[in-house]
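Novice: The following comprises the amino acid sequence and a computationally predicted model.
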Amino acid sequence: MMTEPLRFTEQFRRLIGTLRSLRVEIEAAAIFVFPESPVDWARFRRIIEDEKIIVASTNVDVLTAAAQEHFQTIRILLEGNSIVYDRISHAILEAVADDLIPHGCRVLAFYSAIDPACLDSFSVVNLGEHLDRLSGRDLRQLESRVPLKTLKVVVDLAVDIGWEGREGNPVGTLFVVGDTRKVMSMSQPAGFDPVRGYSAKERNLFDAKVREGVKEIAQLDGAIIVSSEGVVAAAARYLESTSTSTLSLSLGLGARHWTAAAISRMTSAIAITVSQSTGTVRIFQNGEVALRIESRQRQPLVWRDLDGE
């Protein structure tokens, strides 16, 4: 089925004018555009003029056409029908990692909230309040251990779990990503492993159905271990945490967070926790919190300072 091209409506033109004025007023570093429909990029360039535009989409053809008109592009490794929050998060995280925007800036996100063939909404995302301690260099250090695309898909899954819970109840869980062989050697089964016996394809987190299944597994005791390729290697695993005496974490963090810090210290894996009490997601590397995300506020890319509960 053919996708309807992006429509250049009068509302669209007015929003462009608003975005350009607002960008100047708030000194935004860039305008992110999130099209899923084909776009006449030459015409778009004439309307937007010399603004700094970053085009982010799941549609490879859309990105190829945008690049031919010299727009910076980011491919979003999510399904086209993924929610706006997830797409904005992926795009901005990758833009910071690639140093397309400075880590303390404001940006504007321009996207379709109702009609896929019409960009009809925008949001202001203030990274200055939330990413002060995280730069593109920091993210690349994380990527050197776990590919950024894998890290993003697991973090987004953790954020969903923190936001949604399960059947109306909050859920706390722990993911350990990368260095799988060593992590497995430092863990033991908590009981029945719900992913045992399934093929790698049936355990791949880049599949939306698999992610939904993992949300159910997240309710079980123990950690979910994920390979660098995004495949769930095992679930319901108890992890060794013998090095917690050498760690220094904020007061108020529970056993799950100490275990995450310990396994990230003892291995080259990245540990990602979801707090059952608050839904907060934390990323641990080398025994320390590298990033904290407040899931339950559910605003575009709400990053918080690295402190305790």
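Specialist: Received it, and whenever you're ready, just let me know what you need.
Novice: Quick check: mean pLDDT of the helix or strand residue 15 falls within?
Specialist: In this structure, residue 15 sits in helix 10-26 according to DSSP states H and E. Over the span of helix 10-26, the pLDDT mean works out to 91.
Novice: now do stretch 91-108
Specialist: 80.
Novice: how about that stretch: buried residues?
Specialist: Neighbour-count burial for stretch 91-108, counted by 16 or more other CB atoms under 10 Å, picks out 91-97, 100-101, 103-108. For glycine as for every other residue, the C-beta is placed from the backbone atoms N, C-alpha and C.
Novice: Just flag the most distant two among the residues you listed.
Specialist: For those, the maximum inter-member distance is 19.4 Å, found between 97 and 108 (CB to CB).
Novice: which residues of the stretch 101-250 of the chain fall in helices?
Specialist: Per DSSP state H, counting those that start in this stretch, the stretch 101-250 of the chain carries helices over the ranges 136-143, 148-164, 180-185, 208-217.
Novice: Residue 73 contacts residue 58, doesn't it?
Specialist: No: between residue 73 and residue 58 there is no contact under CB atoms under 8 Å: 11.8 Å.
Novice: Just checking, which helix or strand of this structure averages the lowest pLDDT?
Specialist: Least confident helix or strand of the chain, by mean pLDDT, DSSP states H and E, is strand 303-304 with a mean of 39.
Novice: what's residue 223 in contact with, if anything?
Specialist: If you count contacts by CB atoms under 8 Å, 6 or more residues apart in numbering, residue 223 has them with 173-176, 187, 235-239, 259, 263.
Novice: Any idea how many residues pack against the residue nearest to it when sequence neighbours are not counted?
Specialist: Nearest residue to residue 223, sequence neighbours excluded (CB to CB, 6 or more residues apart in numbering): residue 174, at 4.4 Å. Using other CB atoms under 10 Å, residue 174 has 23 neighbouring residues.
Novice: I figured residue 174 hits residue 276, correct?
Specialist: No: the pair residue 174 / residue 276 is not scored as a contact, 10.8 Å apart, by CB under 8 Å.
Novice: Let me see the ranges of the strands in the chain.
Specialist: 30-34, 53-57, 72-75, 106-111, 121-126, 173-177, 187-189, 223-226, 232-239, 270-274, 281-285, 288-293, 303-304 (DSSP state E).
Novice: who wins for proximity to residue 145 among those?
Specialist: When these are compared by CB to CB, strand 270-274 sits nearest residue 145, at 6.1 Å.
Novice: if we can go back for a sec, export the strands of the chain to TSV and tack on distance to residue 162?
Specialist: Below are the strands of the chain laid out as TSV (distance: least, CB to CB, whole Å):
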stretch	distance to residue 162
strand 30-34	23
strand 53-57	23
strand 72-75	24
strand 106-111	21
strand 121-126	19
strand 173-177	9
strand 187-189	23
strand 223-226	14
strand 232-239	18
strand 270-274	5
strand 281-285	5
strand 288-293	8
strand 303-304	12
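Novice: Out of the ones you listed, which is closest to residue 147?
Specialist: Nearest of these (CB to CB): strand 173-177, 9.5 Å.
Novice: who does the closest one touch, helix- and strand-wise?
Specialist: In terms of contacts (3 or more CB pairs under 8 Å, 6 or more residues apart in numbering; DSSP states H and E), strand 173-177 is packed against helix 148-164, strand 223-226, helix 255-266, strand 270-274.
Novice: Among those, which comes closest to residue 11?
Specialist: For residue 11, the closest of these is helix 148-164, at 30.2 Å, according to CB to CB.
Novice: Would you mind checking the average pLDDT for the closest one?
Specialist: Averaged across helix 148-164, pLDDT comes to 84.
Novice: same question, stretch 126-141
Specialist: Mean per-residue pLDDT for stretch 126-141: 56.
Novice: what's the answer for stretch 192-207, then?
Specialist: On average, the pLDDT along stretch 192-207 is 90.
Novice: measure it end to end?
Specialist: Terminal residues of stretch 192-207 lie 23 Å apart, using CA to CA, to the nearest Å.
Novice: got the buried residues for it?
Specialist: Per 16+ other CB under 10 Å, stretch 192-207 contains these buried residues: 193-195, 203-205.
Novice: Let me see the confidence value for the spatially closest residue to residue 203 that is not a sequence neighbour.
Specialist: Among residues not flanking residue 203 along the chain, residue 232 sits closest, at 4.3 Å (CB to CB, 6+ apart). In this model, residue 232 is scored at 95, pLDDT.
Novice: got a list of what residue 232 touches?
Specialist: Listed by CB under 8 Å, 6+ apart, the contact set of residue 232 reads 195, 203-205, 210, 214, 224-226.
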